[in-house]
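K.L.:
Compute the structure for the input listed below.
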Amino acid sequence: QVQLVESGGGLVQPGGSLRLSCVASGIIFSYNDMGWYRQAPGKQRELVAGVTSGGTTNFADSVKGRFTIARDNAENTVYLQMNSLKPEDTAVYYCKADIKMPGSFYYTAYWGQGTQVTVSS
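P.N.:
Numbers count the residues shown, from 1 in each chain. Just a heads-up that it's a prediction; the model follows:
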């Protein structure tokens with residue numbers, strides 16, 4: 001059983017910073033792509049940032065230059081550093097990881113339960 005657990009969300013003023021962490025637990029053979037998504041009330045879930053197994057990153061246009069993503073496979077962790085936060089960044093943030101279990105030929109997408117980020121004065 002694989003679980004992803006996010007942490008680091010909270011309330012921050014505009015212009016502030018937060019660092020989200022997502023730790024995977026369980027019997028894991030390898031990782032492929034990992035990423036962060038967010039969903040604001042009344043909106044669809046959208047990709048915020050992703051990082052491939054080779055370390056290539058991609059970002060939504062709305063967060064480029066403000067957010068960075070990093071992964072530590074040895075620690076089963078993916079991070080999202082969010083700087084210069086804006087009220088429109090308010091959402092529930094979810095991590096996602098494509099994980100291969102021992103003995104499996106395929107990667108399966110796993111999601112965390114989400115962590116709330118609220119940007120408000």
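K.L.:
Report the buried residues of stretch 44-53.
P.N.:
By neighbour count on 16 or more other C-beta atoms under 10 Å, the buried set for stretch 44-53 is 48-51. (Each C-beta comes from the backbone N, C-alpha and C, glycine too.)
K.L.:
which of the residues you listed lies closest to G114?
P.N.:
Of all these, V48 has the smallest distance to G114: 12.5 Å, by C-beta to C-beta.
K.L.:
so where do the strands sit in the chain?
P.N.:
Listed in chain order, the strands of the chain (DSSP state E) span 3-7, 10-12, 18-25, 30-39, 46-51, 57-59, 67-72, 77-82, 91-100, 108-111, 115-119.
K.L.:
What's opposite the residue sitting nearest the centre point of the chain in the beta bridge?
P.N.:
Nearest residue to the geometric centre of the chain (C-alpha atoms, centre = their mean): W36, 2.6 Å. Judged by DSSP bridges, the bridge partners of W36 are A49, C95.
K.L.:
export the strands of the chain to a markdown table and tack on mean pLDDT?
P.N.:
As requested, the strands of the chain are exported to a markdown table (pLDDT from 0 to 100):
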| stretch | mean pLDDT |
| --- | --- |
| strand 3-7 | 94 |
| strand 10-12 | 98 |
| strand 18-25 | 95 |
| strand 30-39 | 93 |
| strand 46-51 | 97 |
| strand 57-59 | 97 |
| strand 67-72 | 95 |
| strand 77-82 | 96 |
| strand 91-100 | 95 |
| strand 108-111 | 94 |
| strand 115-119 | 98 |
